[in-house]
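**Student:** 3D, please:
(one chain, ligands or ions: 1)
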Amino acid sequence: RIAYVNGLYVPHAEAVVHVEDRGYQFADGVYEVCEVRGGHMVDERRHMERLVRSLNEIRIRQPMPLAALGVVLRETVRRNRVRNGFVYLQVTRGVARRDHYFPDPETPPSIVVTARAADPAKGEAVAAQGIAIITVPDNRWERVDIKTVGLLPNVLAKEAARQAGAREAWFVDRDGNVTEGGSTNAWIVTGDGKLVTRPAESGILRGITRTVMMEVAEKLQLRVEERAFTVKEALGAREAFVTSATNFATPVVRIDGQSIGDGKPGPVARALRENFHKVAEIAR
Ligand code: PLP
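**Tutor:** Presented below is the predicted three-dimensional model:
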């Protein structure tokens with residue numbers, strides 16, 4: 001495997017950043033994960049737009065023009081011979097003596113890109129089964145709209161899920177409303193067939209998959225309601241599911257040990273999953 005690190009393509013095993021990288025010391029950086037399908041990136045434009053937004057929000061300068069970054073992403077995919085899988089991109093505020101204040105503005109941001117293959121059949125098998133999730137208090141900071149590498153609450157929540165025999169954790173705010181998953185957006189389907197997911201402006205990451213799934217839903221003539229929902233409402237929902245670049249739409253069949261609907265993956269999540277790549281942008 002090959003990784004891109006600050007201008008060089010290097011063997012993955014030797015791909016390192018400096019100990020005084022601000023990503024390492026302060027989680028002072030942002031990232032994107034983009035699906036690769038048939039050797040091409042899915043929704044690259046949207047991921048790049050969100051990257052630029054994340055960089056702007058924390059005032060890291062854009063390390064290179066987007067066209068050049070696109071070349072690096074594609075080259076990393078190509079050199080790793082990834083047909084189906086994911087490409088990961090991380091940009092940090094760079095290497096400087098440890099000090100909380102921003103470093104000298106001349107300090108170049110650090111860029112790392114990796115790509116790896118993933119067997120689509122594995123994801124399909126998980127989706128066919130459906131996943132169990134747990135709920136945990138949302139103890140994150142207020143700026144979860146920024147895709148930062150500061151993911152400790154997410155790491156702890158997902159590990160707690162695994163310890164409980166589940167795959168994902170849904171964060172719950174002080175009012176008992178679900179915000180989102182540790183690495184996914186959260187959705188339910190109501191008794192009358194409406195899709196419900198929390199508004200993107202209210203304490204969640206605006207998932208690219210979430211955005212695209214709204215379009216998929218429209219094509220399928222499903223109604224979508226962007227509003228908060230409680231754990232209680234989710235427990236009584238007809239279906240629940242999660243979305244992300246790595247999960248597309250994956251059905252949730254158990255929440256905190258209780259079955260959702262008939263305890264099997266539902267038709268709405270399945271239809272969204274099956275139609276996702278007809279709507280997602282795949283640049284060739
Ligand atoms: N919410 C969180 C906290 C995430 O980390 C992610 C993806 O990693 C998502 C939602 C889903 O975003 P996307 O659909 O862009 O992958």
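
**Student:** any low-confidence regions in the protein?
**Tutor:** 284 (pLDDT under 70).

**Student:** just the helices in it please.
**Tutor:** Along the chain, counting by DSSP state H, helices occupy 22-26, 44-57, 66-79, 120-129, 152-163, 208-219, 231-235, 267-279.

**Student:** may I see those arranged in CSV, with distance to the ligand and mean neighbour count as well?
**Tutor:** Where you see a C-beta, it was placed from the backbone N, CA and C, and this is true even at glycine. Listed next are those as CSV, based on distance: least, CB to the nearest ligand atom, whole Å; neighbours: other CB atoms under 10 Å:
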stretch, distance to the ligand, mean neighbour count
helix 22-26, 16, 19
helix 44-57, 7, 18
helix 66-79, 15, 16
helix 120-129, 13, 13
helix 152-163, 6, 15
helix 208-219, 3, 20
helix 231-235, 16, 16
helix 267-279, 11, 18
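
**Student:** give me the contacts around stretch 230-237.
**Tutor:** With CB atoms under 8 Å, 6 or more residues apart in numbering as the test, stretch 230-237 has contacts from 135, 170, 172, 175-178, 186, 188-191, 196, 229, 240, 255-256, 258, 260-261.

**Student:** recalculate using a threshold of 10 Å.
**Tutor:** Applying CB atoms under 10 Å, 6 or more residues apart in numbering, the external contacts of stretch 230-237 come out as 133, 135, 170, 172-173, 175-178, 186-191, 196, 229, 240, 252, 255-256, 258-261, 266.

**Student:** just the buried subset of those, please.
**Tutor:** Among the contacts of stretch 230-237, those classed as buried by 16 or more other CB atoms under 10 Å are 133, 135, 170, 172-173, 177-178, 186-190, 196, 229, 240, 252, 255, 260-261, 266.

**Student:** so which of those residues belong to strands?
**Tutor:** Members of the buried ones among the contacts of stretch 230-237 lying in strands (criterion: DSSP state E): 133, 135, 170, 172, 178, 186-189, 196, 240, 252, 255.

**Student:** follow-up on the earlier one: within reach of the ligand, which of the contacts of stretch 230-237 are there?
**Tutor:** Near the ligand, taking CB under 6 Å from any ligand atom as the test, no member of the contacts of stretch 230-237 is found.

**Student:** could the helices of the chain go into CSV alongside distance to residue 13?
**Tutor:** Output for those, formatted as CSV (distance: least, CB to CB, whole Å):
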stretch, distance to residue 13
helix 22-26, 18
helix 44-57, 26
helix 66-79, 14
helix 120-129, 24
helix 152-163, 24
helix 208-219, 30
helix 231-235, 43
helix 267-279, 33
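
**Student:** out of the ones you listed, the one nearest residue 7 is which?
**Tutor:** Among the helices of the chain, helix 66-79 comes nearest to residue 7, with 9.1 Å by CB to CB.

**Student:** between that closest one and helix 44-57, what angle do the directions make?
**Tutor:** If you take axes from the mean of the first three to the mean of the last three CA atoms, to 10 degrees, helix 66-79 sits at 120 degrees to helix 44-57.

**Student:** what's helix 66-79 in contact with?
**Tutor:** With CB under 10 Å, 6+ apart as the test, helix 66-79 has contacts from 1-4, 7, 9, 32, 34, 36, 39-41, 44-45, 47-49, 51-52, 62-65, 82-83, 85-89, 91, 111-117, 283.

**Student:** please name whichever of the helices of the chain is nearest to residue 16.
**Tutor:** Residue 16 lies closest to helix 22-26 among these, at 10.4 Å (CB to CB).

**Student:** circling back to that earlier point, buried subset of the contacts of helix 66-79, written for PyMOL?
**Tutor:** Here is the PyMOL selection string for the buried members of the contacts of helix 66-79, based on 16+ other CB under 10 Å:
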select buried, resi 2+3+4+32+34+36+41+44+47+48+51+63+82+85+86+87+88+89+91+111+112+113+114+115
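
**Student:** cool, thanks, talk later.
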